[in-house]
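Novice: Need coordinates for the below:
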Amino acid sequence: MSTEHPSIARFRDVHARLGGTGEIVTLPDAVHTAALAAEALGCEVGAIANSLLFDAGGDPVLVLTSGAHRVDTDKVAALIGVERLRRATPDFVREHTGQVIGGVSPLGHPAPVPTYLDRWLERHPVVWAAAGHPAAVFSTTYDELVRLTAAPPIDVE
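Specialist: Take a look at the predicted model:
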């Protein structure tokens with residue numbers, strides 16, 4: 001019997017169904033920040049793809065951004081054609097992703113969430129993103145992340 005957390009198991013199933021090729025790693029401790037994830041994985045903070053869910057007037061918007069960047073919400077809102085992006089509450093995040101802040105993966109949400117990808121991540125041969133739980137991550141490439149999410153690339157800063 002598996003002792004894997006149900007949200008990681010759900011991610012693993014979606015990842016496999018979509019043809020994801022990267023490794024899924026469960027770390028000994030939660031990594032709620034890009035800096036902690038990079039330290040645990042021995043990579044640059046810029047190679048961490050933070051999954052940031054925003055509230056766009058009640059609709060979710062997911063921005064996958066390099067851990068080295070801060071999202072300019074005014075710029076991104078204008079780029080994607082919404083009036084405003086606000087930081088989502090923990091309840092909003094769980095409702096729209098089925099996951100908790102710090103563990104939001106780019107995949108496997110209860111319903112499709114419009115997703116955008118920070119172009120900066122293309123600079124890294126390996127990118128790491130959350131795998132549905134604050135202690136779980138998966139390796140991928142920029143091109144695979146585009147394929148898995150259908151996210152258009154944007155400049156977030």
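Novice: Quick check: which element contains P134?
Specialist: Secondary structure from DSSP states H and E places P134 outside every helix and strand.
Novice: Next, work out how far apart it and A77 are.
Specialist: To A77, P134 is 27 Å away according to Cβ to Cβ, to the nearest Å. Where C-beta positions appear, they are placed from N, C-alpha and C, glycine not excepted.
Novice: For the spatially closest residue to A111 that is not a sequence neighbour, which residues are in contact?
Specialist: Leaving aside its sequence neighbours, A111 sits nearest to H96 (Cβ to Cβ, 6 or more residues apart in numbering; 7.5 Å). Counting by Cβ atoms under 8 Å, 6 or more residues apart in numbering, H96 makes contact with L53, P60, A88, H109, P110, A111, V113.
Novice: wait, is H96 part of a strand?
Specialist: No. Using DSSP: H, G, I helix; E, B strand; the rest coil, the assignment for H96 is helix, not a strand.
Novice: What is the nearest of the contacts of H96 to G19?
Specialist: The shortest gap between G19 and any of the contacts of H96 belongs to H109, at 17.7 Å (Cβ to Cβ).
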